[in-house]
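Enquirer: Structure of the sequence below:
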Amino acid sequence: MASRTRKRWCANGGVLVRLTLTLSGLCAGQCTNIGLMTMMTTTTTRASTMETGTMTMTAGGSRECIGVGVRTMQSKSEVKLAVIAPGDPHHEQSLQRVLPAVLLAVKYVSSPRGPLPGWNIKVDYRDSYCSSTYGPLAAFDFYINQTADAFLGPVCDYVIAPVARYAGVWGIPVLTAGAQAEAFRHKGQHYPTLTRMMGSHRLVGEALRHILRSFGWKICGLLFHNHEMASSKGNSECHFTLSAVYTALNQTPAHKSFNQETADTDEYKNLLSLIAKSARIIVMCANSTTIREILLAAEELGMVDSGEYVFFSIELSSSDNDSKEPWRVDGDTDERNKKARKAYQALLTVTARTPDNLEYLNFSREVKSLAQSKYNFIFGNSSVSTFVTAFYDAVLLYALALKESLPEKPGEVNLDGGNLTRRMWGKSFKGITGDVNIDENGDRIADYSLLDMDPETSRFEIVANYYGANKTLEYIPGKQIHWAGGRLEPPPDTPTCGFDGSLCPDNSLPGYAILSMVLSSIVVVLVVGSVFIYRRFKLEAEIASMTWKVHWDDLIVIPNAKTRGSMYSLIANKFRGSELTIYSEDNASLPDGVDRNVYVPTGFYKNCQSIIPSTVKSNSKVAIKLIPRNKVEISRPLLLELKRMKDLQHDHLVRFYGACLEPPHCCLLTEYCPKGSLQDILENEQIKLDRVFRGSLIHDIVRGMAYLHASEVKSHGNLKSSNCVVDSRFVLKIADFGLHELRRSADVDSDGDKNSYAYWRKQLWTAPELLRMERQLPEGTQKGDVYSFAIIVHEIVMRQGPFYLGDNNELSPKEIIEGIRRGGGSPLRPVIDAASVEEEVATLMRRCWAQEAADRPDFPALKQTIRKINKDYESSNILDNLLSRMEQYATNLETLVEERTADYLEEKRKCEELLYQLLPKSVASQLILGQSVIAETYDQVTIYFSDIVGFTSLSAESTPLQVVDLLNDLYTCFDSIIENFDVYKVETIGDAYMVVSGLPVRNGMNHAREIARMSLALRDTVMTFSIRHRPTEQLKLRIGMHSGPCVAGVVGLKMPRYCLFGDTVNTASRMESNGEALKIHVSPKTKEILDTFGTFELVCRGEVILKVSS
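Expert: The predicted structure follows:
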């Protein structure tokens, strides 16, 4: 067969390459469809981060050419894995990233617990340069040198295509994390040994289709990066991805492409404007920098603020940390980062699902460590992506298939690619990423995650997962998608009138209809004008009538006996010099059972229209708000505001009855709520608030504030828990709104010194933007009221007071206010206990106390949100809610009674136990029953005395505290020992310790034995006892004991003592005082009793003269 040699010098990227090619003819007879076989020696000098050197290839090839190549058997347990990937470290699947995962997989597979224990698995690698030329050459090199039993990679589509075709002929399995394009789906004769470990783009399209359907969307647009037509790079990865999405959607969505390397903001705006004409749901595919620029362009076009557009980003190659805060670019300006953060609220990201278990986290750390130590590559902040883990799973899958083939012919290893590939396809196993399912076509059934940006943390978090195996979309419990523009639900995919307005009827009208409309308009204008004039005159008449006016003579102020020195004196001081008369016949004038323990000054006003007691037929109890002014200027704005307050009526607003502006009795009269303020209820630990009660209180506030904001009052300005009061039906009502000029004078007078604690505490409910004003607006703002509402909600759910910052907080109210004014990236806000606060309520609070006022919702929106939170336990029927609250209050009272009873019984038990410790149980029981304790004579007892030798000198050389510690340690030890014997401790006086056995419960003759055994135990303990302040000094105990009769009884009524009397006590004391250290001095009488047991050894001391009673 003729051959020829050709030498060529050519330029490759500025580097000269010398190629020496030796071409031979076709194989003789057998290899008819392989094509040319070559013997190629390539000497290459090329820059690479992973490989620089000479690659030599020799002639070789498959022996079989029909279908898939068949590889021969080998007898030794050895496998050679060939890794082909880009050497560029910036590539997502570079050799530096995937090789550590391959090595870790090889280590596990060949370990004793792996599928191929003890096998020799060699790993070699080549740089593919992501080139359709160099990638196949690397595969040829492996094949010809017989150093590849399986290919891991390549990952680039234009490289994997020829390599997978050649590998099918060579009979070598190919496992890759790439090749996701649809062109690789129909493998047939072209890619018979190709296994795709990341699945295909078709699965991405199916996942996106399920996500769109879950929101009821059918129409979307595609916007993606692609190379120029004239480029030699071919189509981009995004082109292949969205082509599969295009097919999976079963429609013809609008699509636009661009070159992200050359496109600018104007081009992005133009593309968005074009695609917005036919789609509101826009699916994008580009690198993260380009996605950010597109969203910034969308924000400038107003597509984010409207909330009508939703953007999806397909980021299959992004690692975990790379996509957490994609809106932030360190080198960009703060203004653009702020705009980008706002724009990313309209973005949802679809990416490959990443496990979050401990095994995967440990694997990531090992990969990073190995990459740095072995390949000098640092991952940085980015985590190990699923593309890298796919190489680990590929090694594991290949090892499992190889293990299955081993029993076919013992002693031989079947490395045939067709055989192993058949075993890998349709297989399921547990990989490093969890359950790995390979379908019958050799493609992994991949899972995907949907990410949304949390506006509180500004980080993207997983809100749903799509599982390809069962084709289901599961949302994460407790997570919800935050829609742009303040929407609470997804926007429709089509405008109401369609994109071209064709869905709306034609509004053109004939001439007669126009004439009729003009005439009707004139009539309407005349009617409206007439109504306006009538209402104007009516308003003036109502203003002039001053229905709000209260005469002081119509008001009876209630004195409070319990607060006569405080609240009553306050009223008297406020009205000093007036003709105020507190009737002496108050009890006859006021209704029976009137509660005079009030929270605010109260009185009776005869003109209130309400249900009243029969004894006061025309009077109703009201709350009095004092105005510390000698004179009030009545202006037209004040008259208008007083009229509005008088007309304002709502179930959750305190009714305004009127104002008395007669100097010096200036005051405001409002509805009286006997249950006090919300602050009083929250501070009362006896009142239990369950979830239903808390939800009802919060709902009452929202309903009252929603009505107030919709009224002419517009805002509250001083919303706090003390201004939320509860009536007798447990309905919460908002108080102290409106008439700000009059109220401010009262508040300023009550605040006192601006350096006082009360002055700063009052401002804990005030919004940051109001605190920063040099002069705060008395009427406040609606967004400021929303902030105050959030602080109140926090009070309700935490019950720790306003602005609770934790148990270790030491900040004063003034310091807290200064911290709120400063603001910053992490503004000072109350602490939320996730264990005691529902996630929905916590999210509600964070939204309401947002730093930017524009980010806070309004009360109508909050009303809908609270209704959804309370839907499971709050009825729409007012009566049902009222009965539920009353039942809850009754339950609270029952619980309180039970707790008080339990507390009483517990204290009683403690007192009895203490008495049992001070006196014998039988004696203590008689005292508890109120019986008198009669002294009792005992015929035989044994009494024990002991003291410390040298205690006087030891005390003189020690401090009083040291002496106390010594005696406490010693007698605590003694007390624990005597519990093991049938003895009773009588008393301790100084260093003396007295114990008796045989009383108050008689025990026959065992009393001497119990005391003797106890004495031995105490002596042994003392020999090992250590003195704290003198650890080297030995403590010496002197013990004496005597048996005989005695009398026992209780002495005294206060601090009663159980005392022993008789000669036996004195003799036992003398036995101790005349004894020797660390010895037990026993009297002859006691010895006689001990000898009867035969278990004690006693030594005669000799004669000792003791002074005892005759």
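
Enquirer: hang on, residue 707 in a strand?
Expert: No: counting by DSSP: H, G, I helix; E, B strand; the rest coil, residue 707 is not part of a strand but helix.

Enquirer: what's the pLDDT at the residue lying closest to it once chain neighbours are set aside?
Expert: Spatial nearest neighbour of residue 707, excluding adjacent residues (Cβ to Cβ, 6 or more residues apart in numbering): residue 650 at 4.6 Å. C-beta: built from backbone N, CA, C; applies to glycine. pLDDT recorded at residue 650 is 93.

Enquirer: Secondary structure element holding residue 650?
Expert: Counting by DSSP states H and E, no helix or strand carries residue 650.

Enquirer: Neighbours of the residue lying closest to residue 490 once chain neighbours are set aside, how many?
Expert: Excluding the flanking residues, the one nearest residue 490 by Cβ to Cβ, 6+ apart is residue 215, at 4.4 Å. Applying other Cβ atoms under 10 Å, we find 16 other residues in the vicinity of residue 215.

Enquirer: doesn't residue 487 make contact with residue 215?
Expert: No: when contacts are counted by Cβ atoms under 8 Å, residue 215 is not listed as touching residue 487 (11.8 Å).

Enquirer: quick one: what helix or strand has the residue positioned nearest the centre of the chain in it?
Expert: Centroid-nearest residue in the chain: residue 834, 5.4 Å away (criterion: Cα atoms, centre = their mean). When elements are assigned from DSSP H and E, residue 834 belongs to no helix and no strand.

Enquirer: Grab the nearest non-local neighbour of it.
Expert: In space, residue 834 is closest to residue 842, 6.9 Å off (Cβ to Cβ, 6+ apart).

Enquirer: got it, and residue 799?
Expert: Residue 799's closest residue in space is residue 682 (Cβ to Cβ, 6+ apart), at 5.4 Å.

Enquirer: residues in contact with whichever strand or helix holds that neighbour?
Expert: Taking DSSP H and E as the criterion, residue 682 maps to helix 678-683. Applying Cβ atoms under 8 Å, 6 or more residues apart in numbering, the contact partners of helix 678-683 are 599, 675, 687, 689, 697, 720-722, 724-726, 732, 792, 795-796, 799, 801.

Enquirer: Drop anything exposed from those residues.
Expert: 599, 675, 687, 689, 697, 720-722, 724-726, 732, 792, 795-796, 799 (16 or more other Cβ atoms under 10 Å).

Enquirer: and those residues, which of them are in strands?
Expert: 724, 725, 726, 732 (DSSP state E).

Enquirer: Was I right to think the second one contacts residue 674?
Expert: No: in this structure, residue 725 sits apart from residue 674 without contact. The criterion is Cβ under 8 Å, and the distance is 9.2 Å.

Enquirer: which residues in the stretch 251-400 of the chain form strands?
Expert: Listed in chain order, the strands found in the stretch 251-400 of the chain under DSSP state E, counting those that start in this stretch are 254-258, 281-285, 310-314, 347-352.

Enquirer: Packing partners of the second one?
Expert: For strand 281-285, the elements it packs on are strand 221-225, helix 237-248, strand 310-314, judged by 3 or more Cβ pairs under 8 Å, 6 or more residues apart in numbering; DSSP states H and E.

Enquirer: Send me stretch 705-725 as PDB with only the CA atoms.
Expert: C-alpha atoms of stretch 705-725 as PDB (Å, rounded to 0.1, in the frame of the first residue of the first chain):
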ATOM      1  CA  MET A 705     -56.100  52.400  59.400                       C
ATOM      2  CA  ALA A 706     -57.300  51.500  55.900                       C
ATOM      3  CA  TYR A 707     -60.500  53.400  56.600                       C
ATOM      4  CA  LEU A 708     -58.600  56.300  58.200                       C
ATOM      5  CA  HIS A 709     -56.300  56.700  55.200                       C
ATOM      6  CA  ALA A 710     -59.200  56.700  52.800                       C
ATOM      7  CA  SER A 711     -61.000  59.400  54.800                       C
ATOM      8  CA  GLU A 712     -60.300  63.100  54.800                       C
ATOM      9  CA  VAL A 713     -58.000  62.700  57.900                       C
ATOM     10  CA  LYS A 714     -55.500  60.900  55.500                       C
ATOM     11  CA  SER A 715     -53.000  59.800  58.200                       C
ATOM     12  CA  HIS A 716     -52.600  59.200  61.900                       C
ATOM     13  CA  GLY A 717     -49.100  60.500  62.700                       C
ATOM     14  CA  ASN A 718     -48.900  59.000  66.200                       C
ATOM     15  CA  LEU A 719     -49.800  55.400  65.800                       C
ATOM     16  CA  LYS A 720     -48.500  53.200  68.600                       C
ATOM     17  CA  SER A 721     -49.800  50.400  70.900                       C
ATOM     18  CA  SER A 722     -50.900  52.900  73.600                       C
ATOM     19  CA  ASN A 723     -53.100  54.600  71.000                       C
ATOM     20  CA  CYS A 724     -54.900  51.300  70.200                       C
ATOM     21  CA  VAL A 725     -57.600  50.700  72.700                       C
END
